[in-house]
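[1] I need the structure of the sequence given here:
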Amino acid sequence: MLHSESSHSFQVDLRGLVDLLSHHLYSSPRVYLRELLQNAVDALTARQAADPGAPAAITVRTGETLTVTDTGIGLTEADVHRFLATIGRSSKRNSDGGLDGAGLESARGEFIGQFGIGLLACFVVADEITVVSRHATDPGAPTVEWRGHSDGRYTIRTLPASAMPEPGTTVRLTPRADNAEWTTPERVTELARHFGGLLKYEVTVVDSRGTPTRVNDTPPWERPHGSPLARREALTAYCRTTFDFTPLDTIELDLPAAGLRGVAYVLPTAVSPAQRAGHRVHLKGMLLTDKAPELLPDWAFFVRCVVDTTSLRPTASREALYEDGTLAAVRDALGQRIRDWLTGLAASDPALLHRFIDTHHLAVKALARYDDELLRTVLPWLPFETTDGNVTLEEFARNHPTVLVTRSVEEFRQVAPIASAAGLGVVNGGYTYDRDLVHRLPEIRPGSSVTDLDPATVTAHLDAVDPSAELRAAAFLALARETVGAHDCDVVLRDFQPVTAPALLLDNREARHERTRSSLASESDGLWADILGSLRDETPRAQLVLNHLNPLVRQALTITERGLATTAAEALYGQALLLSRRPLRASESALLNRAFIGLLTHAMHPAGPAEPRKDA
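    Okay, here's the model as predicted:
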């Protein structure tokens, strides 16, 4: 029997509000099910607080209509009139389990949803929403039905208690055709498992044939296990299911003060530092987001986390974390936990530390720059590119008391073959973080010396040529200096190993900057050319070191014909440029082409007249 019925209209532009939600607040219509689950969980939490022995379950039924039923505290008639009549109003349960529009702060801790916003979100996928509810604290409480429409109309009916035999709430949606994909049985089961997989109350999805499927379970870090090995295997299996990879290791996270528990999984493959990991964050069991890079410090890009928390605040859409002091403190604490795991590996599992560093050495180097304790622990284990190959600094420093470090990869490639033959110990400092870390070697290995490599250091270790041999080569060297000098480079003759290297280009950053300035000045005019000209300094120029031991160089030194000698000098300079592996300027590319054509012309017409030289 119908007790009463009244019709009303919302005091808002409902269509505009729903459009605002769907296009600007929520990332996808799928959140409607999360909102319904959150409302159900809050109702169950309120009833459990009043009656711990009461049933606690959520049932989602699919079909032509979608229903979500909970055995929670329910709504009173006053709740419906006061709250649902003002659709969109944010509310929380008060200490008696009722809805409190003002929201008692002391009662908010256990609740995760905002009933009004959550219900309103359902209009994103439905044209009609029906809420049938009966309050649990009053045995004689009537059943109340609220029916809302997307055009802004709603009705409220008071029904006999027998209309709903047990306390609780049922929300029924009539899906819209344009969003029917979000309410199919398969999609509903997927969404329920995605959002509610860690909820503490049983969540069951029942399809149109009546087949039930439970979609949630206790997280593995909360379950008891027979042994540490069994616990580790359970955590690893959860990683495979959740993230689709087998972790290199698992790091349990437990911050009681922040109400946070979970696991950090170490990635088995290297990733770019710029690729910030997406962590899964659950708020009181409900998935908040699976893309929360702000949960960990930037340097911890080698782990993926899944956590459940009670203290972190969600944003308005409840799809991200709100940046505040609590999040900052949690981030620092989780970062310290990962540091502790890493520093502990050296003593507890050196083999795992080796595997980790082989995979994530860039991440470790990034962290070690700013963490003195970690630096002392891991620096001896980190590999560096050196003239002795890829070795650790500990091993390298034993063989080279004075460690030379380059500023760039190009500098290292220029000098590595020559320095190795001369017995110099050079580390490639051109990679990210490497030069800074090498310079800190004396902090953990007293007695070691680290110096930036200077071209003069390499030149000093090359043997001087016999004076008589240099005198015989004077004519060629003079012409070579004239030819190569146009590229801001000097030419010297030395004996050095390996014999197979005809020439070595010794360059440094200052010399390259000077060449760039000179090139720009020559290509400019007016005021800009005057400004660039005034910046000229006396920085030493690059050096082309010819190897007197190399057969090709010995043959070139005997050339007397000016045109061929010039071409040979350009060819030797060009080869040294290519061996340095640095980008070529336009003039240097033209030089290489000119030298190649000149040598080819001479080979084809050895006795003929020399071709006139043309600058490219």
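
[2] where does the stretch 301-450 of the chain dip in pLDDT?
    For the stretch 301-450 of the chain, the stretches with pLDDT under 70 are 317.

[3] which residues in it form strands?
    Remark: strands assigned in the stretch 301-450 of the chain by DSSP state E, counting those that start in this stretch are 303-309, 383-386, 389-392, 402-405, 426-427, 449-452.

[4] the strands in the stretch 501-616 of the chain, which residues?
    503-506, 542-547.

[5] so which of those gets nearest residue 174?
    Using C-beta to C-beta as the measure, strand 503-506 is the one of the strands of the stretch 501-616 of the chain that comes nearest residue 174, at 77.3 Å. (Each C-beta comes from the backbone N, C-alpha and C, glycine too.)

[6] parallel or antiparallel, list what pairs with the closest one.
    Under the criterion DSSP bridges, strand 503-506 sits next to strand 542-547 (antiparallel) in its sheet.

[7] that older thread, output the strands of the stretch 301-450 of the chain as a markdown table; include the columns distance to residue 418 and mean neighbour count.
    Listed next are the strands of the stretch 301-450 of the chain as a markdown table, based on distance: least, C-beta to C-beta, whole Å; neighbours: other C-beta atoms under 10 Å:
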| stretch | distance to residue 418 | mean neighbour count |
| --- | --- | --- |
| strand 303-309 | 42 | 24 |
| strand 383-386 | 14 | 22 |
| strand 389-392 | 16 | 13 |
| strand 402-405 | 12 | 22 |
| strand 426-427 | 10 | 27 |
| strand 449-452 | 17 | 14 |
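
[8] of the ones you listed, which is nearest residue 568?
    strand 426-427 (29.8 Å).

[9] what about the strands in the stretch 51-200 of the chain?
    Going by DSSP E, counting those that start in this stretch, the stretch 51-200 of the chain shows strands at 57-61, 66-70, 92-93, 99-100, 126-134, 143-149, 153-159, 168-175.

[10] for those strands, give me CSV that also has mean pLDDT, mean neighbour count and distance to residue 284.
    As requested, those are arranged in CSV below (pLDDT from 0 to 100; neighbours: other C-beta atoms under 10 Å; distance: least, C-beta to C-beta, whole Å):
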stretch, mean pLDDT, mean neighbour count, distance to residue 284
strand 57-61, 96, 22, 14
strand 66-70, 95, 23, 15
strand 92-93, 48, 24, 13
strand 99-100, 50, 20, 19
strand 126-134, 90, 21, 22
strand 143-149, 88, 22, 26
strand 153-159, 85, 17, 30
strand 168-175, 92, 21, 19
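
[11] now render the ones you listed as JSON lines, adding distance to residue 41.
    Listed next are the strands of the stretch 51-200 of the chain as JSON lines, based on distance: least, C-beta to C-beta, whole Å:
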{"stretch": "strand 57-61", "distance to residue 41": "7"}
{"stretch": "strand 66-70", "distance to residue 41": "8"}
{"stretch": "strand 92-93", "distance to residue 41": "11"}
{"stretch": "strand 99-100", "distance to residue 41": "15"}
{"stretch": "strand 126-134", "distance to residue 41": "15"}
{"stretch": "strand 143-149", "distance to residue 41": "20"}
{"stretch": "strand 153-159", "distance to residue 41": "25"}
{"stretch": "strand 168-175", "distance to residue 41": "12"}
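
[12] quick one: which of the ones you listed is nearest residue 370?
    Within the strands of the stretch 51-200 of the chain, the stretch nearest residue 370 is strand 92-93; the backing value is 42.1 Å (C-beta to C-beta).

[13] low pLDDT regions in the stretch 1-150 of the chain?
    Scanning the stretch 1-150 of the chain for pLDDT under 70 picks out 1-27, 83-118.

[14] distance from the chain centre to stretch 323-334, please.
    The chain centre lies 18 Å from the centre of stretch 323-334; the measure is C-alpha atoms, centre = their mean, to the nearest Å.

[15] can you check stretch 213-221 too?
    28 Å.

[16] ranges for the helices of the stretch 1-150 of the chain?
    For the stretch 1-150 of the chain, the helices defined by DSSP state H, counting those that start in this stretch cover 14-20, 31-50, 77-79, 115-121.
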